[in-house]
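> below is the sequence, then the predicted model.
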Amino acid sequence: PKPDGQLAVGALEILDAKPLCGGCGAKVGRGVLAQALSTIAEPSKDVVTGVGDDAAVLRQSDGSFQVISTDHLRGLINDHAMMTRIAAVHALGDIWAMGAQPQVALISIVVPHMSANLQARTLFEISQVATEVLNSAGAQLVGGHTTMGAELTIGFTVTGVRDSMPLTVSGAKAGDLLILTRPIGSGVIMAADMAGQADGSDVAAALNIMGQVQNVEAAVLGPVANAMTDVTGFGLAGHVHAMCKSSQLDADLWQDAIPIYAGARTLSSAGVSSVLMPTNRKDTQVKGIEDELLFDPQTAGGLLAAVPEKSSESVLEALALKGCVGHVIGGLTEGTGLLRLS
């Protein structure tokens, strides 16, 4: 029943809200975030680019560049080892998206209240997995910070290096094709898992993909892409829109070409969604076919690259030869940031 009497501002929305999702489903909406970041100063001195891309770009004294980004994830599964793996891959995505080589990382951990013995064991296991994932990407864990809190949260601040100017979302060109390296729909699957509505095999399959590093994909796409990003909390539509708006382009997306995690379409059609999905939908308009999965927030999502059409076939072949997958999901034309789904 609805409470009687006068309530504090925002109280009714909290009472009516669905349980908060984990992973990138707990992210603040793009519109709200943009307002909060509007007061940050413009880049100066050694800062080449700041707010607005996957990572900040810093100019080094030898003429090369360093990129830096930070991410943290609210626990979405009761497996701190897998959660660490996914959080590390998620954070590394920003470095790969800039076409940079991951360098070093700091880890930030909030552990639930537990005994000292359990704390020691949990932190040891988290550190082991973090080291393994970062090392496999060519980076090194160099420290971090830990506290106790209400629930498990794991985050990383990661740096990367690149000799030439890193890739940004603003370099895409008319005629480029969009290549995506991973399915979408992880937000729906994780929301369903929280509610006990997901098929266990679908959850396990999604987690397996989310926990895989994408350094090989980044190495193939980086040298040929005009622009690149990783698809995370704002959903596929939000990240395509960011690229289009920055590059003054429109995008035509092809629904049948977009890869979807097993089980996600059925769950979405049944009305299951992440708590962030409605906000993502409000923040990004898409013409044409209605598809809520375009607004589904992704955790450890795929790389999205704008690649010249003449190079797209060779890129897909190079990915396949290295055991990776790429999907051409649409194309870019001159415009103002309009998205169409057909």
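Received, thanks.
> so what are the sheet partners of the biggest strand by length in the chain and their directions?
When the chain is parsed with DSSP state E, its longest strand is strand 101-112. With DSSP bridges as the test, strand 101-112 is paired with strand 140-149 (parallel), strand 153-162 (antiparallel).
> quick one, which of the ones you listed is nearest to Gly93?
strand 153-162 (9.4 Å; CB to CB). Where you see a C-beta, it was placed from the backbone N, CA and C, and this is true even at glycine.
> contacts only, for Lys322.
Listed by CB atoms under 8 Å, 6 or more residues apart in numbering, the contact set of Lys322 reads Val216, Val220.
> and the angle from whichever strand or helix holds Asp94 to strand 153-162?
Using DSSP states H and E, Asp94 falls within helix 80-97. Counting by axes from the mean of the first three to the mean of the last three CA atoms, to 10 degrees, helix 80-97 points 30 degrees away from the direction of strand 153-162.
> what packs against helix 80-97?
When contacts are defined as 3 or more CB pairs under 8 Å, 6 or more residues apart in numbering; DSSP states H and E, helix 80-97 packs onto strand 65-74, strand 101-112, helix 116-136, strand 153-162, helix 200-210, helix 215-221, strand 227-230, strand 303-307.
> out of the strands paired with strand 101-112, which one sits most buried?
The highest mean neighbour count among those, using mean count of other CB atoms under 10 Å, belongs to strand 153-162: a mean of 23.
> what stretches of the stretch 51-200 of the chain score poorly on pLDDT?
Low-confidence segments of the stretch 51-200 of the chain, defined by pLDDT under 70: none present.
> roughly how far does the closest residue to Ala237 other than its chain neighbours sit from Ser64?
Spatial nearest neighbour of Ala237, excluding adjacent residues (CB to CB, 6 or more residues apart in numbering): Leu294 at 4.1 Å. When CB to CB, to the nearest Å is the yardstick, Leu294 and Ser64 sit 37 Å from each other.
> neighbour-wise, which of those two wins?
Leu294 (23 against 13; other CB atoms under 10 Å).
> what sits against that one?
Residues near Leu294 by CB under 8 Å, 6+ apart: Ile184, Gly235, Leu236, Ala237, Leu253, Ile258, Val286, Leu341.
> go ahead and flag the most central residue of this structure.
Central residue of the chain (CA atoms, centre = their mean): Thr232, 2.4 Å from the mean position.
> mind checking the SS state of that one?
coil (DSSP: H, G, I helix; E, B strand; the rest coil).
> outline the domain layout of the protein.
For the chain, automatic domain parsing gives the domain ranges 44-162, 177-341.
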